[in-house]
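Undergrad: one predicted model, sequence on top.
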Amino acid sequence: GAVVSQHPSWVICKSGTSVKIECRSLDFQATTMFWYRQFPKQSLMLMATSNEGSKATYEQGVEKDKFLINHASLTLSTLTVTSAHPEDSSFYICSASPGSFYEQYFGPGTRLTVT
Amino acid sequence: QQQVKQSPQSLIVQKGGISIINCAYENTAFDYFPWYQQFPGKGPALLIAIRPDVSEKKEGRFTISFNKSAKQFSLHIMDSQPGDSATYFCAAGQGGSEKLVFGKGTKLTVNP
């Protein structure tokens, strides 16, 4: 149980284009989803928290107009990186919480490379 | 700023040995302490978690020890295996917030 999927697993895009990453909770309803960014050999950096049907809450320093988050249903959240640049290249990981006291289940991650 | 300090940064253990990773926190409002295991190129997987009302929790070869007064908690991996080689992250959660604060991670290598 508690499976979270992400799609795509990796993506290469050209500078200036937009990329959408999907995060789905497969066997539970996620009241809250989180989006993280992870640089090589570093810890997870929380980018934003989203609740179904509400606007996402972004962490300080994260550009909300660049990283658009939509939590359309209790099983789906999307992260769109708009006008991507090489410095946006990173490993993006989502997690989902069923609402039971902080438990977060992570997706397998999406490797984004912007050329 | 809320922090969780994790040590060591890297750890090398022989097969069959005990791996010990430590974390310390400052905010006494934290009341949920999970450990995550991450393999290269994969997302973190919840390994084991503890709440401050108990001092120890064991699941198979993995044990969390929790010292509330010292504001420290640790992960013990008994009979470490090469397949345990991964990066381990401790984290802490605070009541009223669904967010987790992560440590910087420990890269564990178990030599055969």
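TA: Received, thanks.
Undergrad: the host helix or strand of B:D31 vs chain A: in contact?
TA: Using DSSP states H and E, B:D31 sits within strand B:30-38. Yes: Strand B:30-38 is in contact with chain A by C-beta under 8 Å from any C-beta of the partner chain, via B:Y32, B:P34, B:Y36. Yep, even glycine has a C-beta here, placed from its N, CA and C like the rest.
Undergrad: remind me what the lowest-mean-pLDDT helix or strand in chain B packs against, helices and strands.
TA: Sorting the helices and strands of chain B by mean pLDDT, DSSP states H and E puts strand B:100-102 at the bottom, at a mean of 91. Strand B:100-102 is packed against strand B:30-38, strand B:86-94, with contacts defined by 3 or more C-beta pairs under 8 Å, 6 or more residues apart in numbering or on different chains; DSSP states H and E.
Undergrad: now do the strands in chain B.
TA: With DSSP state E as the criterion, chain B has strands at B:4-7, B:10-14, B:19-25, B:30-38, B:45-50, B:56-59, B:62-67, B:72-77, B:86-94, B:100-102, B:106-111.
Undergrad: distance of B:T106 from chain A?
TA: Distance of B:T106 to chain A, given as C-beta to the nearest C-beta, to the nearest Å: 11 Å.
Undergrad: residue ranges in the chain under the pLDDT threshold?
TA: Defaulting to chain A. Scanning chain A for pLDDT under 70 picks out A:100-101.
Undergrad: the chain in question should be chain B.
TA: Along chain B, segments meeting pLDDT under 70 span B:1-2, B:95-96.
Undergrad: the strand holding B:D31 pairs with which strands?
TA: Strand pairing for strand B:30-38, using DSSP bridges, gives strand B:45-50 (antiparallel), strand B:86-94 (antiparallel).
Undergrad: what sits against residue 5?
TA: All of this is about chain A. Contacts for A:S5 (C-beta atoms under 8 Å, 6 or more residues apart in numbering or on different chains) come out as A:C23, A:R24, A:L26, A:G107, A:P108.
Undergrad: I was after chain B.
TA: If you count contacts by C-beta under 8 Å, 6+ apart, then B:K5 has B:C23, B:A24, B:Y25, B:G103, B:K104 around it.
Undergrad: and A:S54, backbone torsions?
TA: Main-chain torsions, A:S54, degrees, to the nearest 10: phi -120, psi 160.
Undergrad: also A:E87?
TA: Per-residue torsions, A:E87: phi -70, psi -10 (degrees, to the nearest 10).
Undergrad: which residue ranges of chain A form strands?
TA: A:4-7, A:10-13, A:19-25, A:32-38, A:44-51, A:57-58, A:67-73, A:76-81, A:90-97, A:105-106, A:110-114.
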